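Undergrad: Pasting the sequence and the predicted model now:
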Amino acid sequence: MKLTQGIAMQNYTDSVEEYIKRTIFSKTGETFLDLSSQEDILYSELNDIGQWLCKDYIKGDSSFYLLDSVQVQAAAVHGHQAVLVYKGMLDLIFRTSAMMVGAERRHKFPGEEFYEPWRNNLNYWFRCAEFDWSDERYWWLHRDDSRKAFEMCAEGLFVFLLLHEIGHLHNLHGDRRIEKSKSETSTFSLDDDEIFVHEALGCGEAMSEADRLASHAREIVADTYAFKFMIVELRDSLLPESEYSGRDEAALRALNFGVCNHMVASLFWAFSFQRPMRNDIQEDDYPSHLFRLQSIENSALEGQLAGGNEETHLGMAVGIKTYTAKLVCAAGDDEFVTWRETAKIPANQEHYQKIRGVVGEWSNIKFGVRDEDWLPWPFST
Ligand SMILES: [Zn+2]
């Protein structure tokens, strides 16, 4: 690296870190996460993935930080092209991954006795603040095959989360919000920091209907982007060439899609416990996280994300069947099905359509495409 490039990079890094310290840490007392003092190597591994994804997907300077905070949160810092993930969010990813591994085991061995802290207890499991690495009962950390599956789930969920935040940057949600906040339709006044730091889980602040629809639309746009590239990023780790070469490519694409679909369904279900979203104009809890899953599935069908019409339909059938069976099995009840079915309530359907109606205002012209290139697979067909 040339000296001038090195200096420019250092200036960028200094200004991002100064911004984060001033706008976030000064209010909350949080700090950057010290990787050397974490209980497990997975924190460092996810940090590497985060840095790598930001470098690969964001044009120009970008940065990624893990923050030492129990908040279940992730954020995109517009203007600085930075992505932040809070430790509390990683813990939720770990708890979701543990439940997914537990579901596999319960599904395979319905009569076996083993530790399942989530079973009949999801509300506690997803809302409890800490994932205890030292707990001897956490068999998914101590058995080699389970640990491998646990890591694979955690990495997959993390990749989706990261790409979602990058999706906000990519679709210029910071700039678009500044533009919109100047228009008459918005009743929600924003200061610069609110525009620049987009958080993964909103706090249910009072907003006009137009603003609320816009905020849900932004989530859907970022999800569409994230899911498309999650499929690409996870292909090699889910279905390694060394084990799957020579197999039917269309079937592998469908399987790859199905596993990613299972992962995002599990994550959104976990989010729905962690912070139920409400819509003040309706009496019932508003199933925003469910709508995000529904929207990912709709967009995937439209874009034929598994590489072709047939593959995508097959992949989705595999995905839906898998996540429904596994999540019901993990929980020990039908809560997931009940949650999934709230999409059918007419008021929810109507609201979902309204969100879809404004999605175009928050998307780039070419939906879900990276700035610099079309990926050759599987989207060129
Ligand atoms: Zn978001």
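TA: Looks like it arrived, so ask away.

Undergrad: Is Lys228 in contact with Gly303, as I believe?
TA: Yes: counting by Cβ atoms under 8 Å, Gly303 is a contact partner of Lys228 at 7.0 Å. Backbone N, C-alpha and C define where each C-beta goes, glycine included.

Undergrad: More neighbours: which of the two?
TA: Lys228 (24 against 15; other Cβ atoms under 10 Å).

Undergrad: Any buried residues in the host helix or strand of that one, and which?
TA: In this assignment (DSSP states H and E), Lys228 forms part of helix 209-238. Under the neighbour-count criterion of 16 or more other Cβ atoms under 10 Å, helix 209-238 has 210-235, 238 buried.

Undergrad: Now the element after that helix, going C-ward?
TA: helix 241-244.

Undergrad: Can you spell out which helices and strands pack onto the host helix or strand of Ala254?
TA: For Ala254, the host element (DSSP H and E) is helix 249-274. Counting contacts by 3 or more Cβ pairs under 8 Å, 6 or more residues apart in numbering; DSSP states H and E, helix 249-274 is packed against helix 87-108, helix 122-127, helix 144-170, helix 209-238, helix 288-303, helix 309-331, helix 335-341.

Undergrad: These into a markdown table, with extra columns for mean pLDDT and distance to Leu53?
TA: Shown next, in a markdown table, are these (pLDDT from 0 to 100; distance: least, Cβ to Cβ, whole Å):
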| stretch | mean pLDDT | distance to Leu53 |
| --- | --- | --- |
| helix 87-108 | 96 | 15 |
| helix 122-127 | 90 | 25 |
| helix 144-170 | 96 | 5 |
| helix 209-238 | 89 | 8 |
| helix 288-303 | 90 | 18 |
| helix 309-331 | 95 | 23 |
| helix 335-341 | 91 | 29 |
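
Undergrad: can those go into TSV with extra columns for distance to the ion?
TA: TSV is the format used below for these (distance: least, Cβ to the ion, whole Å):
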stretch	distance to the ion
helix 87-108	12
helix 122-127	19
helix 144-170	6
helix 209-238	5
helix 288-303	9
helix 309-331	21
helix 335-341	20
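
Undergrad: and the spatially most central residue of the chain, what is it in contact with?
TA: The chain has Leu161 as the residue nearest its centroid, 2.9 Å off, counting by Cα atoms, centre = their mean. The neighbours of Leu161, taking Cβ atoms under 8 Å, 6 or more residues apart in numbering as the test, are Ala74, Val85, Met89, Ile93, Ala200, Ala226, Leu267.

Undergrad: related to what we said a few turns ago, got the angle between the helix holding Lys228 and helix 309-331?
TA: 90 degrees (axes from the mean of the first three to the mean of the last three Cα atoms, to 10 degrees).

Undergrad: and helix 209-238, how far from the chain's centre?
TA: In this view, helix 209-238 has its centroid 7 Å away from the chain centroid, taken as Cα atoms, centre = their mean, to the nearest Å.

Undergrad: Summarise which helices and strands that helix is packed against.
TA: helix 144-170, helix 173-181, helix 249-274, helix 288-303, helix 346-358.

Undergrad: Can you give me the neighbour number for the residue nearest to Leu327 when sequence neighbours are not counted?
TA: Nearest residue to Leu327 in three dimensions, chain neighbours excluded: Phe336, at 4.2 Å (Cβ to Cβ, 6 or more residues apart in numbering). Residues lying near Phe336 (other Cβ under 10 Å) number 22.

Undergrad: repeat for Ala306
TA: Other residues close to Ala306 by other Cβ under 10 Å number 29.

Undergrad: how close does it get to Leu162?
TA: 21 Å (Cβ to Cβ, to the nearest Å).

Undergrad: Gln10 too?
TA: 24 Å.

Undergrad: same check, this time on Gln5
TA: With Cβ to Cβ as the criterion, Gln5 and Leu162 are 25 Å apart.

Undergrad: and what of Ser97?
TA: 15 Å.

Undergrad: ok, now Lys2?
TA: According to Cβ to Cβ, Lys2 stands 29 Å off from Leu162.

Undergrad: Those two - which one has more neighbours?
TA: Leu162 (27 against 7).

Undergrad: in which helix or strand would I find the nearest residue to the more buried one once chain neighbours are set aside?
TA: In space, and not counting its chain neighbours, Leu162 is closest to Leu53: 4.9 Å by Cβ to Cβ, 6+ apart. Assigned by DSSP H and E, Leu53 belongs to helix 42-57.

Undergrad: What's the first helix or strand after that helix?
TA: Next along from helix 42-57, by DSSP H and E: strand 63-68.

Undergrad: now that next one: how far from the chain's centre is it?
TA: The answer for strand 63-68 is 16 Å, by Cα atoms, centre = their mean.

Undergrad: do stretch 152-162 as well
TA: That offset, for stretch 152-162, works out to 7 Å (Cα atoms, centre = their mean).

Undergrad: same deal with stretch 242-257?
TA: 24 Å.

Undergrad: What residues sit buried inside that stretch?
TA: So, applying 16+ other Cβ under 10 Å, buried residues of stretch 242-257: Tyr244, Ala250, Leu252, Arg253, Ala254, Leu255, Asn256, Phe257.

Undergrad: Can you tell me, leaving aside adjacent residues, what's nearest to the second one?
TA: Excluding the flanking residues, the one nearest Ala250 by Cβ to Cβ, 6+ apart is Glu311, at 5.1 Å.

Undergrad: So the one you found versus Asp248, what's the distance?
TA: Taking Cβ to Cβ, one finds Glu311 at 10 Å from Asp248.

Undergrad: What of Val101?
TA: 27 Å.

Undergrad: now swap in Ile41 and tell me
TA: 36 Å.

Undergrad: picking up where we left off before, please tell me I have it right and the residue nearest to Leu162 contacts Phe160.
TA: No: distance between Leu53 and Phe160: 10.6 Å, which falls outside the contact criterion (Cβ under 8 Å).
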